[in-house]
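K.L.:
need a 3D model of the sequence below.
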Amino acid sequence: MSQPITRGEALAFQARWRAVNAHQKEELRRATPDEKLQAADMLMRSVDGMGWRSALAEDDWHEHELWNELRKRLHG
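P.N.:
So this is what the prediction gives:
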């Protein structure tokens, strides 16, 4: 069985994750609206590949129609 981590190790772990989170926030802040839209588009396109289609509720159709309109505008 592995040994429990020390308080110092736990604090170092937390500090590393704070640094990761700060870096991710900075990347998002610097991303252009087009880059953010493309990232969201990629996530929406992954619905079928991840098997999430059945999890989407039927009453979400309006949001999906809005998203499809945004995707058309992005891709022409």
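
K.L.:
give the rounded mean pLDDT of the longest helix along the chain.
P.N.:
Ranked by number of residues, the top helix in the chain under DSSP state H is helix 7-30. Averaged across helix 7-30, pLDDT comes to 97.

K.L.:
contact partners of that helix?
P.N.:
Ile5, Lys36 (CB atoms under 8 Å, 6 or more residues apart in numbering). The way it works is simple: take the backbone N, C-alpha and C, and place the C-beta from them, glycine included.

K.L.:
please apply the same query to stretch 33-53.
P.N.:
Contact with stretch 33-53 is made by Leu28, Ala31, Leu56, Trp67, Leu70, Arg71, Leu74, as judged by CB under 8 Å, 6+ apart.

K.L.:
what sits against Trp67?
P.N.:
If you count contacts by CB under 8 Å, 6+ apart, Trp67 has them with Met44.

K.L.:
now do the helix or strand hosting it: distance to the chain's middle.
P.N.:
Using DSSP states H and E, Trp67 maps to helix 61-75. With CA atoms, centre = their mean, to the nearest Å as the basis, helix 61-75 stands 18 Å off its chain's centre.

K.L.:
do stretch 45-55 as well
P.N.:
The answer for stretch 45-55 is 15 Å, by CA atoms, centre = their mean.

K.L.:
domain assignment for this structure?
P.N.:
Recorded structural domains for the chain (assignment: automatic domain parsing) are 1-30, 32-76.

K.L.:
save the contacts of stretch 33-53 as JSON lines, and put in distance to Asp41 too.
P.N.:
Listed next are the contacts of stretch 33-53 as JSON lines, based on distance: CB to CB, whole Å:
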{"residue": "Leu28", "distance to Asp41": "16"}
{"residue": "Ala31", "distance to Asp41": "13"}
{"residue": "Leu56", "distance to Asp41": "16"}
{"residue": "Trp67", "distance to Asp41": "8"}
{"residue": "Leu70", "distance to Asp41": "8"}
{"residue": "Arg71", "distance to Asp41": "6"}
{"residue": "Leu74", "distance to Asp41": "6"}
